[in-house]
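S.K.: Sequence first, predicted model second:
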There are 2 protein chains.
Amino acid sequence: MNDLRYFDDYEVGQVLTSTKHTVTEEESIGFAKVWDPQPFHIDKQAAKASLYGGLTCCTAHIFAINSMLGSLMEPKLAAMAGLGFDDMRIHQPLRPGDTVYFTTECTSLRRSKTKPDRGIIQTHTHLINQHEEFVFSTLVTMMVRTRPGV
Amino acid sequence: MNDLRYFDDYEVGQVLTSTKHTVTEEESIGFAKVWDPQPFHIDKQAAKASLYGGLTCCTAHIFAINSMLGSLMEPKLAAMAGLGFDDMRIHQPLRPGDTVYFTTECTSLRRSKTKPDRGIIQTHTHLINQHEEFVFSTLVTMMVRTRPGV
């Protein structure tokens, strides 16, 4: 039951790696149709004429894939709240057919002085494609539960 | 045909306001089931026991709503690429039943010196709920097309 990744399980410098996800055209267009219906995300002809010369995933989709890869990691994070994201950069387009995974490096740990059940963790996350190129990166700040009974 | 919002149509200090979106429980749970399947985003009982005492939208969903409200604005932005996001903060939970809109203030404009067809725009975006409280905010950096023939 207690197989969660708690605040206490992190160390600064520790790197975790996710599983992989392959983006399909159906997923990419389907996501963008709802959340970012720009022609170059949902229409192949418009995408061909765009800066990137073909369909690209919208940023909200890239963000969601990053979130999913994090959520699927085992053990699950004892997350209490997402607080913020800094230095979020899109380094290059993510396209249907690409396969991505992320690495997340713990860059800072701060235990709450007033609330012993929690701490603040900062991580630097990179989404990496099948050519080992950075697609997306961000600094993530989260409130995470401390291990019960410690 | 040319009813787009180009780089030239922005001024520093200009504020644009989006339409409104009401989050349903179905949308919130459905989104989280795919992109952030944490118990407190997809299970009402687990959500009750969480920090926020009830279902909350996952961050990727908040980001996607922000994206959608931007995409639906008229005239459409002549976007070429999303480049990055800074100082992204979640100020308080977004919950099913909440109605949000955003305001986006142009904070910086930089025309490309080498490529006359484009410029870089920075905006400060706030997602605001039905109580006029900030839910989410971020600085957005985008590459935007300049008006053709100007």
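M.R.: Done, it's in.

S.K.: Could you figure out how far the longest helix along chain A is turned away from helix B:59-71?
M.R.: Ordering each helix of chain A by length in residues (DSSP state H) puts helix A:59-71 first. Interaxial angle, helix A:59-71 versus helix B:59-71 (axes from the mean of the first three to the mean of the last three Cα atoms, to 10 degrees): 180 degrees.

S.K.: name the helices or strands packed onto helix A:59-71?
M.R.: strand A:21-22, helix A:25-35, strand A:99-111, strand A:118-128, strand A:134-145, helix B:25-35, helix B:59-71 (3 or more Cβ pairs under 8 Å, 6 or more residues apart in numbering or on different chains; DSSP states H and E). For glycine as for every other residue, the C-beta is placed from the backbone atoms N, C-alpha and C.

S.K.: Name the nearest residue to the residue positioned nearest the centre of chain A, sequence neighbours excluded.
M.R.: Central residue of chain A (Cα atoms, centre = their mean): A:Asn66, 2.4 Å from the mean position. The shortest distance from A:Asn66 to any non-neighbouring residue, by Cβ to Cβ, 6 or more residues apart in numbering or on different chains, is to A:Leu127 (5.5 Å).

S.K.: I'd like to know the beta-bridge partner residues of the one you found.
M.R.: Taking DSSP bridges as the rule, A:Leu127 bridges to A:Phe102, A:Phe136.

S.K.: which residues does A:Ile49 contact?
M.R.: Not Ile; residue A:49 is Ala. Residues near A:Ala49 by Cβ atoms under 8 Å, 6 or more residues apart in numbering or on different chains: A:Phe40.

S.K.: Quick check: the residue nearest to A:Asn66 touching A:Thr99?
M.R.: No - if you go by Cβ atoms under 8 Å, A:Leu127 and A:Thr99 don't touch, sitting 10.9 Å apart.

S.K.: who has more neighbours, the two?
M.R.: A:Leu127 (25 against 12; other Cβ atoms under 10 Å in any protein chain shown).

S.K.: contacting residues around the more buried one?
M.R.: Going by Cβ under 8 Å, 6+ apart, A:Leu127 touches A:Ile62, A:Ile65, A:Asn66, A:Leu69, A:Leu94, A:Val100, A:Tyr101, A:Phe102, A:Phe134, A:Val135, A:Phe136, A:Ser137.

S.K.: element containing A:Leu83, please.
M.R.: strand A:79-90 (DSSP states H and E).

S.K.: Tell me the helices and strands packed up against that strand.
M.R.: Judged by 3+ Cβ pairs under 8 Å, 6+ apart, the packing partners of strand A:79-90 are strand A:134-145, strand B:79-90.

S.K.: next one: the last one to chain centre, how far?
M.R.: Relative to the chain's own centre, strand B:79-90 is displaced by 9 Å; criterion: Cα atoms, centre = their mean, to the nearest Å.

S.K.: Also the first one?
M.R.: Remark: strand A:134-145 is offset 7 Å from the chain centroid, using Cα atoms, centre = their mean.

S.K.: before we move on, what about stretch A:39-47?
M.R.: With Cα atoms, centre = their mean, you get 25 Å for stretch A:39-47.

S.K.: Same question for stretch A:11-26.
M.R.: Relative to the centre of its chain, stretch A:11-26 is centred 7 Å away, using Cα atoms, centre = their mean.

S.K.: next one: stretch A:20-37
M.R.: For stretch A:20-37, the distance to the chain centre is 15 Å (Cα atoms, centre = their mean).

S.K.: and what of stretch A:69-89?
M.R.: Between the centre of stretch A:69-89 and the centre of its chain there are 7 Å (Cα atoms, centre = their mean).
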